[in-house]
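>>> this one's sequence-less:
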Ligand SMILES: Nc1ncnc2c1ncn2[C@@H]1O[C@H](COP(=O)(O)OP(=O)(O)O)[C@@H](O)[C@H]1O
Ligand SMILES: [Mg+2]
């Protein structure tokens, strides 16, 4: 039985990839965004940022219940995907995978999703700064955190990498968190001004 967290900035491909992995490897998926958007967990709508403000404590309790149900079921893999998947207490998961995306590509993906300009830049900046990675690092996990660059890979390639990680096959060292630094890349190309004032 394995509980896998797939985290990452919006647009990195969490929902699409989780669905694909679950179809190939027969896993159950919990999509935190979808769950958080169900009325019971929403406390307020932030108009300016077009986002829901969630009652996190309530949501965590609910997710823990779902995990406990899964642990009593006969299913073997549970994927929990969401950009705030770091809210789940450490003792409830075995594997953490972070999806990453190069800033210009991420911008394109979020634009084609029709996000507001401010929301796009906020998310791209967050990806450049590695916020999701930092949140996960703050959890001081005793398990390795894997990181996959989705910028130029196909859904199939990414799913294959994830399935290898879940099945505990020999994992490429490049997939261990810490190799990707968009800020440094932008700095080297003198392009930080494209995303920060
Ligand atoms: N590896 C990829 N290659 C091309 N497009 C991608 C890739 N990953 C995600 N996308 C596109 O980006 C958008 C967001 O994907 P989604 O799975 O909803 O991301 P998330 O759940 O992380 O927000 C979708 O339109 C999807 O087709
Ligand atoms: Mg999603």
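Nice, I can see it. Computed from a predicted model, the values in this text were never measured in an experiment. Numbers count the residues shown, from 1 in each chain. Ligands and ions are numbered 1, 2, ... in the order given.
>>> So what are the sheet partners of the lowest-mean-pLDDT helix or strand in the chain and their directions?
Within the chain, no helix or strand scores below strand 42-46, which has a mean of 75 by mean pLDDT, DSSP states H and E. Paired neighbours of strand 42-46 in the sheet (DSSP bridges): strand 51-54 (antiparallel).
>>> what residues does the protein put near ligand 2?
Within the chain, the positions near ligand 2 by CB under 5 Å from the ion are 14, 15. C-betas here are computed from N, CA, C, even on glycine.
>>> How much space separates whatever residue of the chain ends up closest to ligand 1 from residue 106?
Among all residues of the chain, residue 13 sits closest to ligand 1, at 2.8 Å; criterion: CB to the nearest ligand atom. From residue 13 over to residue 106 the distance is 10 Å, taken as CB to CB, to the nearest Å.
>>> Who are the contact partners of the residue in the chain that ligand 2 sits nearest to?
Closest to ligand 2 within the chain is residue 15: 3.3 Å, counting by CB to the ion. By CB atoms under 8 Å, 6 or more residues apart in numbering, the contact list for residue 15 reads 31, 33, 81.
>>> hmm, try it at 7 Å
Counting by CB atoms under 7 Å, 6 or more residues apart in numbering, residue 15 makes contact with 31, 81.
>>> for the protein, what spans make up the strands?
Ranges of strands within the chain are 2-7, 28-31, 42-46, 51-54, 77-81, 95-100, 145-149, based on DSSP state E.
>>> Can the fifth one be said to contact ligand 1?
No - residues of strand 77-81 contacting ligand 1 under CB under 6 Å from any ligand atom: none, with a closest distance of 6.8 Å.
>>> State the mean pLDDT of that strand.
Strand 77-81 comes out with an average pLDDT of 97.
>>> Could you tell me which strands sit next to it in the sheet, and their orientation?
Counting by DSSP bridges, the strands paired with strand 77-81 are strand 2-7 (parallel), strand 28-31 (parallel).
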